[in-house]
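Novice: What follows is a predicted protein model with its sequence.
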Amino acid sequence: MERLPGIFIRARDAELTLETLTDMGLRLDGFRFLRLGEQVGIPLTRSPSTLEESVLRKKLECFQIHEASFEPVIARPRTLLEAVRPKIPGDLLPQLPQSLDVIGDIAIVELSPKLETYSREVGEGIVQVNPHVRLVLKKTSDVAGTFRTRGLQAIAGTGGMETVHREFGCEYHLNVSSVYFNPRLSHERHRVADQVSKSDVVVDMFAGVGPYSILIAKLQPHSRVYALDINPSAIKYLKENIMANKVADRVVPTLGDAREASVRLFGTADRVIMNLPSAAEHYLDTASNTLKRAGGHIHFYQFVSRDTKLETVRQNFEKSLLAQNREVQTFGYCDVVREISPGRVQVAIDASVT
């Protein structure tokens with residue numbers, strides 16, 4: 001609190017008073033107004049002169065001027081650099097993360113080895129800049145293993161690793177430490193879901209907590225989606241999300257490896273989604289068997305070197321399907337959807353297969 005001169009007026013005169021004080025150079029920003037019953041106290045840059053008071057009396061019917069204690073408004077930093085500049089050595093500032101993943105109210109950030117010592121300062125800075133973030137986690141390992149999880153450590157904020165993420169009218173309950181979820185693929189998920197036709201049967205081979213399956217079911221109420229995943233935690237949250245999004249009549253969750261879990265679905269799918277870019281190529285035989293005999297659509301993802309030409313990716317995909325007695329009729333899409341490291345990217349393919 002700070003003792004400052006202030007003008008006290010009726011609340012209904014506040015707007016006129018602010019305009020008048022601004023014109024006279026007497027309005028002081030950076031402090032909260034006082035509310036005293038029917039009166040409002042506005043801090044002033046200085047006590048007005050006798051002449052200035054007479055001007056105020058011509059504009060305002062009733063007011064008082066006296067000192068009072070006003071609370072300063074602490075300006076929220078606009079960038080992470082602003083937030084941490086006083087707390088981190090200047091030579092490390094260029095190494096501040098340029099991006100982060102926000103899943104629900106949790107932010108996940110990757111720090112360079114030299115910034116590890118200042119993890120807490122960076123985390124607190126992220127919370128300052130992003131008021132909707134409750135918890136900040138730093139990555140301690142890459143996504144790996146059968147369940148596609150990664151190491152995470154809390155560096156700022158409060159609460160556990162469960163959250164609710166919302167996108168395109170859907171909500172996804174998940175635990176960021178036990179399931180894989182990438183918020184950067186939201187538009188890619190919508191791009192694919194937008195292609196699903198009325199009454200399509202869709203097999204989501206690596207469904208996770210359901211971001212493809214549930215969005216498809218919401219956009220196409222007459223579709224049928226079989227959502228498979230090998231991670232028990234993912235299936236637990238998938239079932240919760242199916243109920244939360246009211247799509248229980250359209251999405252069928254199944255726990256198990258896609259190769260085994262899809263056997264009962266062979267020959268039933270109009271569309272297969274293969275969002276496992278680290279290993280999807282090894283499941284193309286299963287995807288081919290899952291499609292209807294006449295054919296259908298495959299949405300395929302793969303990690304490749306940044307130097308790999310898209311034509312090469314298409315050719316390899318075609319060869320793999322020819323080995324399954326399937327032929328690509330058309331490529332509806334083939335492009336890079338995100339960078340995963342300086343020399344590696346994720347490619348998406350939409351293919352119409354006969």
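Specialist: It's in.

Novice: name the element the residue lying closest to residue 240 once chain neighbours are set aside belongs to?
Specialist: Using CB to CB, 6 or more residues apart in numbering and skipping the chain neighbours, the partner closest in space to residue 240 is residue 173 (5.0 Å). Backbone N, C-alpha and C define where each C-beta goes, glycine included. Element membership of residue 173 [criterion: DSSP states H and E] is strand 170-175.

Novice: Identify the residues contacting that strand?
Specialist: Strand 170-175 is contacted from outside by 103-104, 160-166, 181, 209-211, 214-215, 218, 233, 237, 240-241, 244-245, using CB atoms under 8 Å, 6 or more residues apart in numbering.

Novice: Quick one: buried ones out of the residues you listed?
Specialist: Among the contacts of strand 170-175, those classed as buried by 16 or more other CB atoms under 10 Å are 103-104, 163, 165, 181, 209-211, 214-215, 218, 233, 237, 240-241, 244-245.

Novice: circling back: the residue nearest to residue 240: how many residues sit nearby?
Specialist: Taking other CB atoms under 10 Å as the neighbour definition, residue 173 ends up with a count of 19.

Novice: Per-residue confidence, it, what does it come out as?
Specialist: Among the per-residue scores, residue 173 holds a pLDDT of 98.

Novice: again with residue 78
Specialist: 89.

Novice: ditto for residue 60
Specialist: With respect to pLDDT, residue 60 scores 89.

Novice: again, but for the one 10 residues further on
Specialist: Confidence at residue 70, expressed as pLDDT, is 94.

Novice: Count the residues that sit near the residue nearest to it when sequence neighbours are not counted.
Specialist: Spatial nearest neighbour of residue 70, chain neighbours left out: residue 31 (4.1 Å); criterion: CB to CB, 6+ apart. One way to gauge burial is a neighbour count; for residue 31, by other CB under 10 Å, it gives 19.

Novice: in terms of contact, does residue 31 touch residue 75 like I think?
Specialist: No: contact status for residue 31 versus residue 75: not in contact, 11.7 Å apart, counting by CB atoms under 8 Å.

Novice: how about the CA coordinates for whatever helix or strand residue 21 lives in, as PDB?
Specialist: Taking DSSP H and E as the definition, residue 21 sits inside helix 14-24. As requested, the backbone C-alpha atoms of helix 14-24 are provided in PDB (Å, rounded to 0.1, in the frame of the first residue of the first chain):
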ATOM      1  CA  ALA A  14     -16.500   7.800 -11.900                       C
ATOM      2  CA  GLU A  15     -16.400   7.800 -15.700                       C
ATOM      3  CA  LEU A  16     -16.700  11.600 -16.000                       C
ATOM      4  CA  THR A  17     -14.100  12.000 -13.300                       C
ATOM      5  CA  LEU A  18     -11.600   9.700 -15.100                       C
ATOM      6  CA  GLU A  19     -12.000  11.600 -18.400                       C
ATOM      7  CA  THR A  20     -11.500  14.900 -16.600                       C
ATOM      8  CA  LEU A  21      -8.400  13.800 -14.600                       C
ATOM      9  CA  THR A  22      -6.900  12.300 -17.800                       C
ATOM     10  CA  ASP A  23      -7.400  15.600 -19.700                       C
ATOM     11  CA  MET A  24      -5.800  17.500 -16.700                       C
END
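
Novice: what does it rub up against?
Specialist: Residues from elsewhere that reach helix 14-24, judged by CB under 8 Å, 6+ apart: 7, 9, 27, 33, 40, 42, 44, 48, 52, 55-56, 59-60, 63.

Novice: go on, stretch 240-251?
Specialist: Contacts of stretch 240-251 with the rest of the structure, by CB under 8 Å, 6+ apart, involve 170-173, 209-210, 213-214, 217-218, 221, 223-225, 227, 253.

Novice: now do stretch 279-296
Specialist: Residues external to stretch 279-296 that are found in contact with it (CB under 8 Å, 6+ apart): 203, 205-206, 258-259, 262, 265-272, 274, 276, 298, 300-302, 316-317, 320-321, 323-326, 329, 352-354.

Novice: Can you list the residue ranges for strands in the stretch 51-200 of the chain?
Specialist: Here the stretch 51-200 of the chain has its strands, by DSSP state E, counting those that start in this stretch, at 63-70, 101-103, 106-109, 135-139, 152-157, 162-167, 170-175.

Novice: for the stretch 251-354 of the chain, what spans make up the strands?
Specialist: Taking DSSP E, counting those that start in this stretch as the criterion, the stretch 251-354 of the chain contains strands spanning 251-255, 271-274, 296-305, 328-341, 344-353.

Novice: number of nearby residues for the nearest residue to residue 52 once chain neighbours are set aside?
Specialist: When the adjacent residues along the chain are set aside, residue 52 lies closest to residue 24, with 6.2 Å between them (CB to CB, 6+ apart). A count of neighbours around residue 24, defined by other CB under 10 Å, yields 15.

Novice: Equivalent analysis for residue 301, please.
Specialist: Other residues within reach of residue 301, judged by other CB under 10 Å, total 20.

Novice: Ok, residue 276 next?
Specialist: Neighbour count for residue 276, taken as other CB under 10 Å: 21.

Novice: same deal with residue 60?
Specialist: Here the count is done by other CB under 10 Å, and residue 60 has 15 residues near it.
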